[in-house]
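Colleague: When you get a sec, could you give me coordinates for this:
(one chain, ligands or ions: 2)
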Amino acid sequence: MVNMKIAFVGKGGSGKTTLSSLFIRHLAATAAPVVAVDADINQHLGAALGLDEAEAAGLPAMGERLGLIKDYLRGSNPRIASADTMIKTTPPGEGSRLLRVRESNPVYEACARTVELDGGAVRLMVTGPFTDADLGVACYHSKTGAVELCLNHLVDGPGEYVVVDMTAGSDSFASGMFTRFDITFLVAEPTRKGVSVYRQYKEYARDFGVALKVVGNKVQGQDDLDFLRAEVGEDLLVTVGHSNWVRAMEKGRPPRFELLEDANHRALRTLQSAADATYELRDWESYTRQMVHFHLKNAGNWGNERTGTDLAAQVDPGFVLSEGLVATA
Ligand SMILES: Nc1ncnc2c1ncn2[C@@H]1O[C@H](COP(=O)(O)OP(=O)(O)O)[C@@H](O)[C@H]1O
Ligand SMILES: [Mg+2]
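Modeller: Ligands and ions are numbered 1, 2, ... in the order given. Predicted coordinates for the structure are as follows:
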């Protein structure tokens, strides 16, 4: 059993939310502990996990609880004077509080809700709806910042999964969010637009050792498959066709999960195997180095000016995030 942070990215409409939700249902059916995070511009993960409109609308937004999240994670870290000087890339250090998948903590109490699925329950957290301000370059208030902070303070243990439904936008590249995952599934339809998002992602990912795999979606036959193979090559992990199970679910009549088409069950197992196989590549030191890299970059680009402090001083040079760490605060 291994532990994994997994992102689903891709163009809007490609099927990120659909495939994230199926993967989350698959994990829940194996009784694995799961934290599901909706960081997509269009917040639909709750609905895809079976919540009705009122339940989905009632989910607490992480983006509105940034102060609480920062204050909790900051703990007694002497390098972070206040929540106001904590930006989305501020890395943990001595005194910071860390998050675990299975524990209960004030961040989950404020931001997570339990969703019952066939086979088990998962925790769901959502960024909250995006506004124009979230999509610009001014990163201070960004909704995904709440997710990035949580990922940077998360020590996931054996057999635990964090699944993030995420937009492949410029914000995630500027901030370093795209480097926070053990594996990234890029959902692509067999179209030129679908694969162009893949190329762009691959380009950003190249220098950061991001494990990127393409999941072809809405693939309808040999021609679609040939197209994806030709455009994506070895990065193509698996393809998914049109699912009547998904259609029924979207009509508000979700069949039991075991009734999902066999081919799609197989595809989900392939995703899990691919995710689990990246475990041995995990390197907490380089993971910590990368968060420091992006913190210094964001500090220089806008953070120092925005907070009026030298944010480089927040970096604790001796600190390495790892599974062995016990929160000190
Ligand atoms: N494999 C599939 N079978 C049936 N419908 C699908 C499939 N993948 C996506 N869809 C449908 O396509 C639409 C867009 O998918 P969605 O997951 O919301 O995309 P994204 O999150 O990437 O914007 C939804 O209505 C969804 O139900
Ligand atoms: Mg979506």
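
Colleague: any weak-confidence spans in the stretch 201-329 of the chain?
Modeller: 325-329 (pLDDT under 70).

Colleague: And the residue of the chain that's closest to ligand 2?
Modeller: For the chain, the residue positioned closest to ligand 2 under CB to the ion is Thr17, at a distance of 3.2 Å. Every C-beta, even on glycine, is put in place using the N, C-alpha and C of the backbone.

Colleague: and that residue, how far is that from Leu151?
Modeller: Distance from Thr17 to Leu151, counting by CB to CB, to the nearest Å: 19 Å.

Colleague: try Asp165
Modeller: Distance from Asp165 to Leu151, by CB to CB: 14 Å.

Colleague: Who has more neighbours out of those two?
Modeller: Neighbour count, other CB atoms under 10 Å: between Asp165 and Leu151, Asp165 has more, with 28 against 24.

Colleague: what about the more buried one, which helix or strand?
Modeller: strand 161-166 (DSSP states H and E).

Colleague: What helices and strands are in contact with that strand?
Modeller: In terms of contacts (3 or more CB pairs under 8 Å, 6 or more residues apart in numbering; DSSP states H and E), strand 161-166 is packed against strand 4-10, helix 16-29, strand 34-39, helix 143-152.

Colleague: can you list contacts of it?
Modeller: Contacts to strand 161-166, defined as CB atoms under 8 Å, 6 or more residues apart in numbering, come from residues 3-9, 16-17, 20-21, 23-24, 27, 32-40, 45, 101, 144, 147, 151, 154, 156, 172, 177, 181, 275.

Colleague: That strand pairs with which strands, parallel or anti?
Modeller: Paired strands of strand 161-166, with direction, are strand 4-10 (parallel), strand 34-39 (parallel) (DSSP bridges).

Colleague: Could I get those strands in TSV, plus columns for mean pLDDT and mean neighbour count?
Modeller: What follows is those, written out as TSV (pLDDT from 0 to 100; neighbours: other CB atoms under 10 Å):
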stretch	mean pLDDT	mean neighbour count
strand 4-10	94	26
strand 34-39	96	27
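
Colleague: And the pLDDT for the nearest residue to the residue of the chain closest to ligand 2 once chain neighbours are set aside?
Modeller: Counting by CB to CB, 6 or more residues apart in numbering, Thr17 lies nearest to His44, which is 4.7 Å off, once chain neighbours are set aside. We have a pLDDT of 95 for His44.

Colleague: what's around His44, how many residues?
Modeller: So His44, with other CB under 10 Å, has 18 neighbours.

Colleague: Same check on Gly67?
Modeller: There are 11 residues near Gly67, going by other CB under 10 Å.
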